[in-house]
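[1] No letters, just coordinates:
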C-alpha cells in the first residue's frame, strides 16, 4: 500500500521517520513547514489544503496528531467507503494506532495493525465484525477477488452476522477450497450451500450471499449480496469516435442476453487499430478493467482456429474479417464463446468466458 504520513510536531516527525524506515511499501512524509529534509520528505503550510490534494492520491493516510484534528480535516473529502483511502491516526508518542476510515475495503484496519506492530503500539479497531470476530463480506470478496453487488446491501448483510442472524452462502466453490481460502466463513450462524439451492433455500435465512457471475431470475428476498467473479471477456468492435456511454450500454445489453452480470467483466478486447480509441479506453476505466488489443495476425489466427464467420466488408476495411468474436476468445485464452456477435448502433459485441472455474 502506498501511504502518506503527516505530522505536525517534532515528536511526530521522529515517529514518521521510524515508520518510513520500517514500512515495506512506499511512504511519503509530509511535515509542517521547516521540518523536512529531502527525498520523500515534503513540507506544507495548510493541513486542509494538503489533505485535499492527498486524499485521492494515496491508498492510505497516516496522521500523527489528535484524532479530533483528523476527523475535522478529512470530513469534507469523504465520499464513499468503496472509494475513500484508509485513514489511521497515531498519537505522537506512538502508543495507539487507530483505524478511523475505510477499515475494511480501504484496508485501514490492517494498516493500523501493521503500523502498530512496527512501532510497538496498540492497534485500535472498532468495526463490529472485527470486535466480535465475525467475517466481513467485503473482506471475503476482496480475498477471493470478487466484486460486491449491490453495494448498498453490504451493511445489512454484515449486520445480520453481528446481530446473531442466520446467513446462507450459496456457491459452487468446493467447500474444502473455500475453507482453505476463507476459514472465517465456517462459523456459527453461517451455512454454506450449493448455488443451485438458492431459489429454494434462501428464505430459510435472514440474508444470503451468492457467489456467481449469473443474473439469477429470482426476487432478492431475503436481502441478498452477490459476489461477482471476474469471468467475462468482452470483445468489442466500434466505429471511430464512439462514446464510452454507448459502448457501456452495448456491453450491458450483451451481458443481459448472455444471462451474466456486467460486474463480472474481466477485460475488454478489440483490434490493434483501436489501441487509442478514446471511448473504448474510457469504457475500460469506468468498468475498472483493462482494454486488450490484438494484432491482425492474432485475430486472423483465431478466426481460422475457431471457424468464426467473417465479414467481407470488414476484411476490406482493416484486413481481417472479424473483430469482436476473435478478440473475446483471444482474451479468454483457453475459454469459450458464450455470446456470438451482437450488433448495436455502430458497435459489435461478443462475450467469452475463461475455460476453467472462477476459483481455479
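    Happy to help now that I have it. As the structure is a computational prediction, the values presented were derived from the model and not from experiment.
[2] Who does whichever strand or helix holds residue 351 pair with, and is each partner parallel or antiparallel?
    Using DSSP states H and E, residue 351 sits in strand 347-353. Paired with strand 347-353 in the same sheet, following DSSP bridges, are strand 232-238 (antiparallel), strand 336-344 (antiparallel).
[3] In a markdown table, list these along with mean pLDDT, mean neighbour count and distance to residue 155.
    (Each C-beta comes from the backbone N, C-alpha and C, glycine too.) Below are the strands paired with strand 347-353 laid out as a markdown table (pLDDT from 0 to 100; neighbours: other CB atoms under 10 Å; distance: least, CB to CB, whole Å):
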| stretch | mean pLDDT | mean neighbour count | distance to residue 155 |
| --- | --- | --- | --- |
| strand 232-238 | 96 | 29 | 27 |
| strand 336-344 | 95 | 17 | 33 |
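[4] Take those strands and lay them out in JSON lines including distance to residue 225.
    Shown next, in JSON lines, are those (distance: least, CB to CB, whole Å):
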{"stretch": "strand 232-238", "distance to residue 225": "20"}
{"stretch": "strand 336-344", "distance to residue 225": "24"}
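[5] Kindly spell out which helices and strands sit in contact with the longest helix seen in the chain.
    Across the chain, the helix with the greatest residue count (assigned by DSSP state H) is helix 244-258. With contacts defined as 3 or more CB pairs under 8 Å, 6 or more residues apart in numbering; DSSP states H and E, helix 244-258 has these neighbours: strand 232-238, strand 265-271, helix 278-287, strand 336-344, strand 347-353.
[6] ok, 6 Å please
    helix 278-287, strand 336-344, strand 347-353 (3 or more CB pairs under 6 Å, 6 or more residues apart in numbering; DSSP states H and E).
[7] closest to residue 115 out of the ones you listed?
    helix 278-287 (31.6 Å; CB to CB).
[8] Show me how far the very next helix or strand once past the closest one is from its chain's centre.
    Moving toward the C-terminus from helix 278-287, the next helix or strand (DSSP H and E) is strand 291-294. Taking CA atoms, centre = their mean, to the nearest Å, the mean C-alpha location of strand 291-294 is offset from the chain mean by 21 Å.
[9] again with stretch 41-49
    30 Å.
[10] Over to stretch 322-336?
    For stretch 322-336, the distance to the chain centre is 24 Å (CA atoms, centre = their mean).
[11] Quick check: beta-bridge partners of the residue nearest to residue 290 when sequence neighbours are not counted?
    Spatial nearest neighbour of residue 290, chain neighbours left out: residue 267 (5.5 Å); criterion: CB to CB, 6 or more residues apart in numbering. Beta-bridge partners for residue 267, by DSSP bridges, are residue 233.
[12] dump the residue contacts of residue 267.
    233, 289-290, 292, 331 (CB atoms under 6 Å, 6 or more residues apart in numbering).
[13] quick one on the thing from earlier: and the strands paired with strand 347-353: which comes nearest residue 88?
    Nearest to residue 88, of the strands paired with strand 347-353 and by CB to CB, is strand 232-238 at 36.0 Å.
[14] which outside residues touch the closest one?
    By CB under 6 Å, 6+ apart, strand 232-238 touches 251, 260, 264-270, 323-325, 327-328, 331-332, 347-352.
[15] for the stretch 151-300 of the chain, what are the low-confidence residue spans?
    Residues of the stretch 151-300 of the chain meeting the criterion pLDDT under 70: 217-220.
[16] so what secondary structure elements neighbour the host helix or strand of residue 42?
    Using DSSP H and E, residue 42 maps to strand 41-44. Contacts defined by 3+ CB pairs under 6 Å, 6+ apart place strand 41-44 against strand 27-32.
[17] can you tell me how far the closest residue to residue 1 other than its chain neighbours sits from residue 87?
    Of all residues not flanking residue 1 in the chain, residue 59 sits nearest, at 4.5 Å (CB to CB, 6+ apart). Distance check for residue 59 against residue 87: by CB to CB, to the nearest Å, it reads 11 Å.
[18] before we move on, what about residue 258?
    Applying CB to CB to residue 258 and residue 87 gives a distance of 40 Å.
[19] of these two, who's got more company?
    residue 87 (25 against 21; other CB atoms under 10 Å).
[20] residues touching the residue lying closest to that one once chain neighbours are set aside, list them.
    Nearest residue to residue 87, sequence neighbours excluded (CB to CB, 6+ apart): residue 101, at 3.7 Å. The contact partners of residue 101, by CB under 6 Å, 6+ apart, come to 84, 87, 108.
[21] try residue 330
    294, 298, 302.
[22] Now do the contacts for the one residue sitting closest to the centre of the chain.
    For the chain, the residue nearest the mean C-alpha position is residue 147 (6.0 Å; CA atoms, centre = their mean). By CB under 6 Å, 6+ apart, residue 147 lies in contact with 228, 263.
[23] Spell out the residue ranges of the strands in the stretch 51-200 of the chain.
    Listed in chain order, the strands of the stretch 51-200 of the chain (DSSP state E, counting those that start in this stretch) span 60-64, 86-90, 96-101, 122-124, 147-149, 167-170, 190-193.
[24] what ranges do the helices span in the stretch 1-150 of the chain?
    Applying DSSP state H, counting those that start in this stretch to the stretch 1-150 of the chain gives helices spanning 10-22, 47-54, 67-74, 108-119, 128-132, 137-144.
[25] weakest of those helices in terms of mean pLDDT?
    Note on the helices of the stretch 1-150 of the chain: lowest mean pLDDT is at helix 128-132, with a mean of 82.
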